[in-house]
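S.K.: compute the structure for the input listed below.
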Amino acid sequence: MIRKFFNLYLSPDRVFVRELYKILGFVPGHLFLYKRAFTHKSLASKEEKTKYPTNNERLEFLGDAILDSVTAEYLFRKYPTQDEGFLTQMRSKMVNRKALNEIAAHMGLDVFLRQLGATRISQTMMGNTYEAFVGAVYLDVGYNRTKQFIIKKMLKQYINVHLLETTNTNYKSQLLEYSQKNQKTISYAVMSHYRTKNNRERFKIEVLLDGKSLASAEDYSKKSAEQKASKKALIQIGLLTKESQAKP
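M.R.: Purely as a prediction, here's the structure:
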C-alpha cells in the first residue's frame, strides 16, 4: 500500500491523486475510473460519441442506483418505526438534484472537472458528476467501502437529517392539500414531451386551478416537472415565498 501510494504520488497524476485522497480517505486503485467520472460528455469527440462512450454518463447511471440503495438502507435502519411513505420522502430530500449539486460543490468536485478540461460548469453538471464519482468509487473498491464512503463523507457530513424531517418538499402534495381545503380542483397537463439533442426525454407540465392555467415547468422526468410546476403554483397563490423555499 505504501509503495502504491508513493508511486502514484510521484506520477504525472500526483496532484489529481492527492486531491482524490483528501476526499476519499484512501488511495484510489484505478485512476482511469475517476478520470472518466470527471469527464463531461461535452468534452468527448464526435468519434467517441458514436463508439464506446468515454464520458461520465454510464458512471452517473451506476452511481445514481448505488446512492439510492445506500440511502434507502441507511434510512431503513435509522427509522425502524417509520412507514414506507416517510422513508421515500426522506430519501428524495437527501438525494434530489439540488442536494447533490450542493454536496458536490462542498466537496470541491469542480476542481477535478477543470483538471479534465471543463470550462463552463453548471449546477446540474456538479450533481451529475457526484453520481458518476460514486459509480467510480463502487467499481474501484466495491459496495461495502462505497457504502461507508457515502454514509461518512455525504450523509453524516453534509446532510442535516433531523432538519429534513420537518421540511416538506413535496410541493405537489402541498398544492393538493390546499385544493382540498378550499374546494378547488387541481389538475396537471403535459404541454410538450420531446427528446433533447443528447436523446434525453424532456417534459413540460402545466398546473391548472379549476381548469385555468396557474404555472408550468419542465424537466427530464414527468414527476420532477410536476414538482417544479407545483412549487411555482404555490408561489403564485402566496403559499410559498422565494425566500422561504425549502430544497426541491
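S.K.: relative to the whole chain's centre, how far out is stretch 194-206?
M.R.: Mean-position distance between stretch 194-206 and its chain equals 18 Å (CA atoms, centre = their mean, to the nearest Å).
S.K.: my bad, stretch 233-242
M.R.: Offset of stretch 233-242 from its chain centre (CA atoms, centre = their mean): 25 Å.
S.K.: what do you get for stretch 89-106?
M.R.: Distance of stretch 89-106 from the chain centroid (CA atoms, centre = their mean) equals 6 Å.
S.K.: pull out the buried positions in it.
M.R.: Neighbour counts over stretch 89-106 (16 or more other CB atoms under 10 Å) mark 89-97, 99-105 as buried. Using the backbone N, CA and C atoms, a C-beta is placed for each residue, glycine as well.
S.K.: need the helices for the protein, in chain order.
M.R.: Ranges of helices in the chain, per DSSP state H, are 2-10, 14-24, 31-37, 46-50, 57-78, 84-94, 97-107, 109-115, 123-141, 143-150, 156-158, 161-165, 171-181, 222-236.
S.K.: out of the ones you listed, deepest packed?
M.R.: Of these, the one with the most neighbours on average (mean count of other CB atoms under 10 Å) is helix 123-141, at a mean of 23.
S.K.: mean confidence for it?
M.R.: Per-residue pLDDT values over helix 123-141 give a mean of 93.
S.K.: name the helices or strands packed onto that helix?
M.R.: Where contact means 3 or more CB pairs under 8 Å, 6 or more residues apart in numbering; DSSP states H and E, helix 123-141 is packed against helix 31-37, helix 57-78, helix 97-107, helix 109-115, helix 143-150.
S.K.: got the contact list for the second one?
M.R.: In other words, helix 57-78. By CB atoms under 8 Å, 6 or more residues apart in numbering, the residues outside helix 57-78 that reach it are 33, 36-37, 41, 87, 90-91, 94-95, 128-136, 138-139, 143, 146-147, 150-151, 155, 161.
S.K.: how about the fourth one?
M.R.: Taking contacts as CB under 8 Å, 6+ apart, the residues outside helix 109-115 that touch it are 15-16, 19-20, 34, 38, 40, 104, 121, 125-126, 129-130, 133.
S.K.: how about these in TSV, adding distance to Leu214?
M.R.: Shown next, in TSV, are the contacts of helix 109-115 (distance: CB to CB, whole Å):
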residue	distance to Leu214
Val15	51
Phe16	49
Glu19	47
Leu20	47
Tyr34	45
Phe38	41
His40	36
Ala104	33
Ile121	34
Met125	31
Met126	31
Thr129	35
Tyr130	33
Phe133	38
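S.K.: what residue spans form the domains of the protein?
M.R.: The chain is divided into the following domains under automatic domain parsing: 2-165, 171-236.
S.K.: weakest of those domains by average pLDDT?
M.R.: Of all the domains of the chain, the minimum mean pLDDT falls on domain 2-165 (a mean of 85).
S.K.: from the chain's centre, how far out does that domain sit?
M.R.: Its chain's C-alpha centre and that of domain 2-165 lie 10 Å apart, by CA atoms, centre = their mean.
S.K.: related to what we said a few turns ago, and which of the contacts of helix 109-115 is nearest to Glu218?
M.R.: Nearest to Glu218 out of the contacts of helix 109-115 is Met125 (CB to CB; 18.2 Å).
S.K.: check contacts around the closest residue to the closest one other than its chain neighbours.
M.R.: Of all residues not flanking Met125 in the chain, His40 sits nearest, at 6.2 Å (CB to CB, 6 or more residues apart in numbering). His40 makes contacts with Asn55, Asn56, Leu113, Leu116, Ala118, Met125, Thr129, as judged by CB under 8 Å, 6+ apart.
S.K.: quick revisit: out of the helices and strands packed on helix 123-141, which gets nearest to Leu239?
M.R.: Of all those, it is helix 97-107 that lies closest to Leu239, at 19.9 Å by CB to CB.
S.K.: how close does the residue nearest to Met125 sit to Ser69?
M.R.: 25 Å (CB to CB, to the nearest Å).
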